[in-house]
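Student: could you work out the structure for the sequence below:
(chains A and B)
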Amino acid sequence: DAGVTQSPTHLIKTRGQQVTLRCSPISGHKSVSWYQQVLGQGPQFIFQYYEKEERGRGNFPDRFSARQFPNYSSELNVNALLLGDSALYLCASSLNEKLFFGSGTQLSVL
Amino acid sequence: GENVEQHPSTLSVQEGDSAVIKCTYSDSASNYFPWYKQELGKGPQLIIDIRSNVGEKKDQRIAVTLNKTAKHFSLHITETQPEDSAVYFCAASMGRFNKFYFGSGTKLNVKP
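Tutor: Okay, the predicted model is just below:
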């Protein structure tokens, strides 16, 4: 069975640009969450979606937005990138309360 | 909100020894406590989890204990092997549709 897939794996952007990260959940999982992991720290919650509806939002500015599509895949958008947005962005799909992560998108903002 | 603290930040053990990683949480409403293993260049992998109605759970060389009264839970790895070397994260959640709060991670190094 395919796990959570994310694309792209790596991305380099400059300050002020916009970025879109993509995620496909495990087949049969209807919930997708996004986490930001800064080097040396644990993942921090950004968003959760279930059946295309936002179920939770973390303490991130409005520059961060997301959506979930009818096939349960998801996109995370970040506008007006700052240097501090450089991190590993993790997507996770969940069944009941168990959370399964993809390998992430490493975003570098220069 | 919930606050999860994890100790130690680094742990070095000899192959075959046991390793213990401890976490505390602040919100008594948290009822689900997973542990993740993260290898370099990969996302966190769920290795074991425990719900608040259970005090201990074991899966081969890995075990997790939970003390609800003291609000702490621990990961125990016995007979460590070099392939156990990774960063381990604890987390706490109030269940489905709730955010997960992660500890800051423990880098485990198992020396052959």
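
Student: what sits up against stretch B:4-24?
Tutor: Residues outside stretch B:4-24 that contact it (CB atoms under 8 Å, 6 or more residues apart in numbering or on different chains): A:42, B:25-26, B:33, B:70-82, B:84, B:88-92, B:101-112. Heads up, the C-betas are built off the backbone N, CA and C, glycines and all.

Student: among those, which are in strands?
Tutor: Using DSSP state E, B:25, B:33, B:72-77, B:88-92, B:101-102, B:106-111 are the members of the contacts of stretch B:4-24 that sit in strands.

Student: drop anything exposed from the residues you listed.
Tutor: Neighbour counting by 16 or more other CB atoms under 10 Å in any protein chain shown classes B:25, B:33, B:72-77, B:88-92, B:101-102, B:106, B:108, B:110 among the ones in strands among the contacts of stretch B:4-24 as buried.

Student: overlap between these and the residues near chain A?
Tutor: B:89, B:91, B:101-102 (CB under 8 Å from any CB of the partner chain).

Student: the residue lying closest to residue B:26 once chain neighbours are set aside: neighbour count?
Tutor: Leaving aside its sequence neighbours, residue B:26 sits nearest to residue B:3 (CB to CB, 6 or more residues apart in numbering or on different chains; 4.4 Å). Residue B:3 has 11 neighbours, counted by other CB atoms under 10 Å in any protein chain shown.

Student: can you tell me which residues contact residue B:3?
Tutor: Residues in contact with residue B:3 (CB under 8 Å, 6+ apart) are B:25-27, B:101.

Student: could you measure from the residue in chain B that chain A sits nearest to over to residue A:67?
Tutor: Closest contact between chain B and chain A, by CB to the nearest CB, is at residue B:102 (3.1 Å). Using CB to CB, to the nearest Å, we find residue B:102 at a distance of 24 Å from residue A:67.

Student: neighbouring contacts of the helix or strand harbouring residue B:47?
Tutor: Using DSSP states H and E, residue B:47 sits within strand B:45-51. In this structure, residues lying in contact with strand B:45-51 by CB under 8 Å, 6+ apart are A:98-101, B:31-39, B:56-57, B:59, B:62-66, B:73, B:75, B:88.

Student: wait, doesn't residue A:105 sit right on residue A:5?
Tutor: No - the criterion here is CB atoms under 8 Å, and residue A:105 misses it with residue A:5 at 10.8 Å.

Student: more neighbours: those two, which one.
Tutor: residue A:105 (22 against 15).

Student: can you give me the neighbour number for the nearest residue to residue A:10 once chain neighbours are set aside?
Tutor: Of all residues not flanking residue A:10 in the chain, residue A:106 sits nearest, at 4.8 Å (CB to CB, 6+ apart). Per other CB under 10 Å, the neighbour tally for residue A:106 reads 17.

Student: now residue A:94
Tutor: Residue A:94 has 22 nearby residues by other CB under 10 Å.

Student: report the separation between residue A:95 and residue B:31.
Tutor: Taking CB to CB, one finds residue A:95 at 17 Å from residue B:31.

Student: perfect, that will be all.
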